[in-house]
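> Pasting the sequence and the predicted coordinates here, then a few questions.
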Amino acid sequence: MVNTRFCGSPDHGVTRRSFLSVPAIAGVSAFAANMRIMDALKNPCLAGELKRQQKSVILLWLGGGASQFETWDPKPGRPTGGPFRSIATDIPSVQISELMPKMAQRLKTTAIIRSLNTRNADHGGGTSLMETGRAVEAAIDYPDLGALIARELGRADSQVPDYVSMYSETEGRHKGGAGFLGARYAPTFLTESMIPPNIRRQESLADVDHQERADLQKLLAKRFSDKRYNASVASHGMAYERVRGIMASEKLFDINQEPQTARDFYGPTQFQEQCLIARRLVEAGVPFVKVARAWWDSHGQNFETHLELCADLDQGMSALLDDLKQRGLLDSTLVITLAEFGRTPNINASLGRDHFASAWSCTLSGCGVKGGAVYGKTDPDGHKVEEGEMKSGDLFATIFAALGIDYKKEYHVGARPIPIVDFGCKPVTEILA
Amino acid sequence: MTTADPTKFKVAKTARVKGIAMCVANLPGTQRLFFGSSDFKVYEIDMAAEKPQPVEFTGEGHQSYVTGAALAGNVLVTGSYDGRLIWWDIEKREPIRSVQAHGKWIRNVIASPDGKVIASVADDMLCKLWDAASGNPLQTLVEHKPMTPHHFPSMLFAVAFSPDSQLLATGDKVGHIAVWDAASGKKVSELEAPVMYTWDPKQRRHSIGGIRSLAFTADGKQVAAGGIGTIGNIDHLDGPSRVEIFDWAAKTRVHEISDTKFKGLVEQIVFPKSGNWFVCAGGDNGGFASFYDSQTGKVVHQDKVPMHVHKFVLNDTQDTLFAAGHDQIAVVEFKAVPAAPAETPATAS
């Protein structure tokens, strides 16, 4: 058997299986502080792998398309700029919209990308493009970012979900999916409730009975697989083994477990509460959490809409970054703001802005990111990208690079190699730490 | 002197302007208009000219959209999203004084009919009264809540004086209206028009609407509020234009006009000094003007205006309105046909 080595040194050769077999690693999932893990960390390659595996992503999805003018790329005083001013930030050379005053004081943790040109200004097409990092292809069902991260950063023995998507019953909600990676990496999808449905043990079944059933299933499955091992059987058994852990994760979704001071710190809106849940989830080891805050599709009354939604975003995002930082999690958690597109420079007769994918913005904060960096530049009125044009695939490559994931990696669908990011795309190193 | 006949509605003249004309004032007896724009500037335009051309005011002006303009005698006062009020000499087209009046966007500026007081409303949820001549502050009216019930910043869009300058009304995003004694600053009534505020709790999780316009009837006994009715899809201004008229002393709603012929916001309402009608205007992506019978609330006449109307003003003979809107200024006339000579049989109207 050929070992897959984590680094060049034979001394540090280790297989993924042997890595996962380290007894302590089974306990890493939720709260990584015990001495056996400390022992494992003495092996530099194991430590590197563990570090990579402890990374998480929180995607703040601004469904409907937030305006770059009213957030990250203001154009005050220009005909397209709207009425809002730009304000100074904690990075002397960078200004953002006055609607983001709290984030203006937290740009040292955040890189702004102002040069997305994704060419698809349709909600459905744009969402698919920005969720998967590439255009729809009939022959291949591509996984979305959450599934890719779950695949790359999730642990086989994890007792918590690998991919949680909170998208309440708002317009444009989209479950996303694992595509060719398979259902193992599909999201736990929350719409009506902030607690996953059907997660609780049936009241008619005692916990001890449930445990005994699980033990019996495990025993029978082991006997079966010992004689007839194949990947499907192993996967089936693994899914059963995760059940009790995932059932036990219900409390992670319950913000009533948090002190009122923590809840006040985040704020009272649904989005702000979901940001708090996202922190709880990554703290417990969930590698990918999507918090969708819809709906920014401000064809009418763009400015009033952004007065409301930016206040929500600014409070929720800044609280999330502060909380992650205070808990020592920000260096290992990448927080992304992204949408399917931005909004038009032109202001229509309803004082709205329409769909626009030619020159828009997103942000990356925390893990692997050079805080305070601004990448790309749009023209004075925001009609087009002047410098540093980025496609969705370039953004995905940058996200993977920030997390230490090899962006040149390939999967195989049948015999066909599928690169993890679209052909020709590469990370923007200027915003990587 | 002509008398008004809303059924004779016609768009008499338009002039293209840079940006979005957000507010307008008219020098009585003339077609000289003063308007504020989304390009942060204040302009004069004489719509009596063959080819009206905007002339820019000079000096240190506003730093954001200019959203309120009121004439008090020969002094123009403008207000802006920058929170400043600026007094202008309209002949020199230069500023006289500038006041940092509000902490947030100024949504409207009006002058009392007697020309003595300026009122401004802003998203700091304050209505402030100013001495029109000196610019000194007179009153600060505190009533409207800074946050909506759904934890978002509220907005204070509308303000109106009664014809005798004694009363003032203010209206906010969630449909709350306060009526004030202007001299004492005491609240004398409060009214609710919650249908003007659409909160989408499920699909979009934000709000739209609000009371965008207020006007007292000629006798001052009733106050009308304008806005937009309940909207299904709040991405757009796709709801009925809406006017509610209240007996403010009795706190009862007299009329409730929900009009789907022309959708969008009712941005301004004006009751003429005389006559049994009132006019409102606004729009969605297009513009409209609607005349209603002030006794019955029934439609007298409705028509398109070439653009979304942000504000308008009636001329002193009450038969022409000057509208400021998206990229245009429009003159809309509704003049009665002059009475025929005695020997000619009268035509029905």
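Arrived safely, thanks for sending.
> hey, let's count contacts and neighbours off CA atoms from now on
Fine.
> Dihedrals phi and psi, the residue in chain A that chain B sits nearest to?
The minimum distance from chain A to chain B, using Cα to the nearest Cα, falls at A:Thr170 (3.6 Å). When read as degrees, to the nearest 10, the backbone of A:Thr170 gives phi -90, psi 170.
> Show the pLDDT at A:Lys222.
Note on A:Lys222: pLDDT of 81.
> now B:Ser112
97.
> thinking it is in contact with B:Leu129, fair?
No - counting by Cα atoms under 8 Å, B:Ser112 stays clear of B:Leu129, with 9.9 Å between them.
> pretty sure A:Gly176 contacts A:Glu131?
Yes - assessed by Cα under 8 Å, A:Gly176 is found in contact with A:Glu131 at 7.4 Å.
> Among the two, which residue is more densely surrounded?
A:Glu131 (25 against 19; other Cα atoms under 10 Å in any protein chain shown).
> a helix runs through that one, doesn't it?
Yes - the assignment for A:Glu131 (DSSP: H, G, I helix; E, B strand; the rest coil) places it in a helix.
> Who's the closest spatial neighbour of it, skipping the chain neighbours?
Nearest-residue entry for A:Glu131: A:Asp144, 5.1 Å, with adjacent residues in sequence omitted and distances by Cα to Cα, 6 or more residues apart in numbering or on different chains.
> how far away is the one you found from A:His174?
According to Cα to Cα, to the nearest Å, A:Asp144 and A:His174 sit 11 Å apart.
> Just the pLDDT at the spatially most central residue of chain B, thanks.
By Cα atoms, centre = their mean, chain B has its centre lying nearest to B:Gln268, at 3.5 Å. B:Gln268 is assigned 98 on the pLDDT scale.
> contacts for stretch A:281-288?
Residues outside stretch A:281-288 that contact it (Cα atoms under 8 Å, 6 or more residues apart in numbering or on different chains): A:29-31, A:54-59, A:146, A:149-150, A:153-154, A:158, A:160-164, A:252-253, A:289, A:329, A:333.
> how about the residues of chain A near chain B?
Applying Cα under 8 Å from any Cα of the partner chain, we find that chain A lies next to chain B at A:77-79, A:82-85, A:168-171, A:268-269, A:294-301, A:304-305, A:307-309, A:311-312, A:348-350.
> Mark which of these are buried, thanks.
A:77-79, A:82-85, A:168-171, A:269, A:294-301, A:304-305, A:307-309, A:311-312, A:348-350 (16 or more other Cα atoms under 10 Å in any protein chain shown).
> Helices - which of those residues land there?
By the criterion of DSSP state H, membership of those in helices covers A:304-305, A:307-309, A:311-312.
> can you tell me how far B:Gln302 sits from chain A?
According to Cα to the nearest Cα, to the nearest Å, B:Gln302 stands 20 Å off from chain A.
> what's the weakest-modelled helix or strand in chain A?
Across the helices and strands of chain A, the lowest-confidence element by mean pLDDT, DSSP states H and E is helix A:35-40, at a mean of 39.
> Over to the residue lying farthest from the centre of chain A: give its phi and psi.
In chain A, the residue that sits farthest from the middle, by Cα atoms, centre = their mean, is A:Lys227; the gap is 39.7 Å. Here is the backbone geometry of A:Lys227 (degrees, to the nearest 10): phi -100, psi -20.
> distance of it from A:Ala221?
Note on A:Lys227: its distance to A:Ala221, by Cα to Cα, is 10 Å.
> give me the low-pLDDT residue ranges for chain A?
Along chain A, the parts satisfying pLDDT under 70 run over A:1-53, A:198-199, A:229-246.
> quick one: contacts of the helix or strand where A:Pro417 lies?
A:Pro417 is located in strand A:416-419, with elements delineated by DSSP states H and E. With contacts defined as Cα under 8 Å, 6+ apart, strand A:416-419 is touched by A:407-412.
> Include neighbour count and secondary structure when you put those into a markdown table, please.
As requested, those are exported to a markdown table (neighbours: other Cα atoms under 10 Å in any protein chain shown; DSSP: H, G, I helix; E, B strand; the rest coil):
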| residue | neighbour count | secondary structure |
| --- | --- | --- |
| A:Tyr407 | 22 | coil |
| A:Lys408 | 17 | coil |
| A:Lys409 | 11 | coil |
| A:Glu410 | 13 | strand |
| A:Tyr411 | 13 | strand |
| A:His412 | 12 | strand |
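> Mutual contacts of B:Ser112 and B:Leu129, please.
Residues within reach of B:Ser112 and of B:Leu129 at once, by Cα under 8 Å, 6+ apart, are B:118-119.
> what's around A:Leu403, how many residues?
27.
> Now do the same contact list for it.
The neighbours of A:Leu403, taking Cα under 8 Å, 6+ apart as the test, are A:52, A:55, A:334, A:367-368.
> Out of those residues, name the ones that lie in strands.
A:Leu334 (DSSP state E).
> And the residue of chain B that's closest to chain A?
Nearest to chain A, among the residues of chain B, is B:Gln203, at 3.6 Å (Cα to the nearest Cα).
> do you know how far the residue lying closest to that residue once chain neighbours are set aside is from A:Trp295?
Closest residue to B:Gln203 apart from its sequence neighbours, by Cα to Cα, 6+ apart: A:Thr170 at 3.6 Å. As judged by Cα to Cα, A:Thr170 and A:Trp295 stand 7 Å apart.
> anything in contact with each of those two?
B:203-205.
> My guess is the residue nearest to B:Gln203 contacts B:Arg205. True?
Yes - if you go by Cα under 8 Å, A:Thr170 and B:Arg205 touch, sitting 7.2 Å apart.
> What's the local residue count around A:Gln211?
The number of residues packed around A:Gln211, counting by other Cα under 10 Å, is 12.
> An error on my part: the question was meant for B:Glu60.
By other Cα under 10 Å, neighbour count at B:Glu60 equals 12.
> correct me, but it touches B:Ile96?
No - assessed by Cα under 8 Å, B:Glu60 is found out of contact with B:Ile96, at 10.0 Å.
> what's the neighbour count on A:Thr80?
Each residue near A:Thr80 was counted by other Cα under 10 Å, and the total is 22.
> which SSE is the closest residue in space to it that isn't next to it in sequence in?
In this structure, A:Thr80 finds its nearest non-sequential neighbour in A:Pro345, 5.0 Å apart by Cα to Cα, 6+ apart. According to DSSP H and E, A:Pro345 maps onto no helix or strand at all.
> Looks like A:Pro345 contacts A:Asp381 (just checking).
Yes - the pair A:Pro345 / A:Asp381 is scored as a contact, 6.8 Å apart, by Cα under 8 Å.
> Give me the common contacts of those two.
A:80-81.
> out of those two, which sits in the busier spot?
For A:Pro345 versus A:Asp381, the count of surrounding residues by other Cα under 10 Å is larger for A:Pro345: 24 against 17.
> if I look at that one, how far off is A:His383?
Look at A:Pro345 and A:His383: by Cα to Cα, they are 6 Å apart.
> go on, B:Ala323?
Separation of B:Ala323 from A:His383 (Cα to Cα) stands at 30 Å.
> More neighbours: which of the two?
A count of neighbours by other Cα under 10 Å puts B:Ala323 above the other of B:Ala323 and A:His383, at 32 against 17.
> Which residue is the nearest non-sequential neighbour of that one?
Per Cα to Cα, 6+ apart, closest to B:Ala323 is B:Phe312, 4.2 Å.
> other SSEs contacting the strand or helix carrying that neighbour?
Per DSSP H and E, B:Phe312 falls inside strand B:309-314. Judged by 3 or more Cα pairs under 8 Å, 6 or more residues apart in numbering or on different chains; DSSP states H and E, strand B:309-314 is in contact with strand B:10-26, strand B:265-270, strand B:277-283, strand B:320-333.
> And the helices in the stretch 101-250 of chain A?
A:101-104, A:123-132, A:145-153, A:207-227, A:231-248 (DSSP state H, counting those that start in this stretch).
> most packed of the ones you listed?
With neighbours defined as mean count of other Cα atoms under 10 Å in any protein chain shown, these peak in mean count at helix A:145-153, which reaches a mean of 25.
> Export it to PDB, keeping only CA atoms.
Taking only C-alpha atoms (Å, rounded to 0.1, in the frame of the first residue of the first chain), the coordinates of helix A:145-153 have been written out as PDB:
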ATOM      1  CA  LEU A 145     -18.800  25.400  -1.800                       C
ATOM      2  CA  GLY A 146     -20.300  24.000   1.400                       C
ATOM      3  CA  ALA A 147     -20.000  20.500   0.100                       C
ATOM      4  CA  LEU A 148     -16.500  21.000  -1.100                       C
ATOM      5  CA  ILE A 149     -15.400  22.400   2.300                       C
ATOM      6  CA  ALA A 150     -17.200  19.600   4.100                       C
ATOM      7  CA  ARG A 151     -15.400  17.100   1.900                       C
ATOM      8  CA  GLU A 152     -12.000  18.800   2.500                       C
ATOM      9  CA  LEU A 153     -12.300  19.800   6.100                       C
END
